[in-house]
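Novice: this is the structure alone, sequence omitted:
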């Protein structure tokens with residue numbers, strides 16, 4: 001299911017997510033998760049969902 005865009009502030013991450021079925025996005029710890037795209041492209045897994 002599509003959700004509001006979010007991204008990780010963890011160093012080395014370069015994508016944002018917008019689907020709650022994305023396993024990569026679901027692995028982001030709550031303290032590293034921020035709303036919005038962070039200026040990063042959509043992750044490949046989210047694109048396929």
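Specialist: On my side now, so go ahead. Note that the structure is predicted; figures quoted are calculated from it, not measured.
Novice: where in this protein is pLDDT low?
Specialist: With pLDDT under 70 as the threshold, the chain has no low-confidence stretch at all.
Novice: spatially speaking, which residue is in the middle of it?
Specialist: With distances taken as CA atoms, centre = their mean, the chain has residue 17 as the residue nearest its mean C-alpha position (2.8 Å).
Novice: and it, its phi and psi?
Specialist: Dihedral angles of residue 17 (phi, psi; degrees, to the nearest 10) stand at phi -130, psi 160.
Novice: so what's it closest to, chain neighbours aside?
Specialist: residue 25 (3.3 Å; CB to CB, 6 or more residues apart in numbering). Every C-beta, even on glycine, is put in place using the N, C-alpha and C of the backbone.
Novice: three-state assignment of the one you found?
Specialist: Residue 25 falls in the helix class when you classify it by DSSP: H, G, I helix; E, B strand; the rest coil.
Novice: and it, how many neighbours?
Specialist: 23 (other CB atoms under 10 Å).
Novice: repeat for residue 30
Specialist: Neighbour count for residue 30, taken as other CB under 10 Å: 5.
Novice: so what does it look like in phi/psi?
Specialist: Summarising the backbone geometry of residue 30 under the convention degrees, to the nearest 10, its torsions are phi -60, psi -30.
Novice: in the chain, which spans are strands?
Specialist: Assigned by DSSP state E, the strands in the chain fall at 2-8, 16-19, 33-35.
Novice: and of those strands, who's closest to residue 45?
Specialist: Minimum separation from residue 45 across the strands of the chain (CB to CB) falls at strand 16-19, 7.8 Å.
Novice: if you count contacts, what does the closest one end up packed against?
Specialist: Secondary-structure packing of strand 16-19 (3 or more CB pairs under 8 Å, 6 or more residues apart in numbering; DSSP states H and E): strand 2-8, helix 23-26, helix 44-48.
Novice: can you list the buried residues in the last one?
Specialist: The neighbour-count criterion (16 or more other CB atoms under 10 Å) identifies residue 46 as the buried residues of helix 44-48.
Novice: and if you look at the shortest one?
Specialist: Under the neighbour-count criterion of 16+ other CB under 10 Å, helix 23-26 has residue 25 buried.
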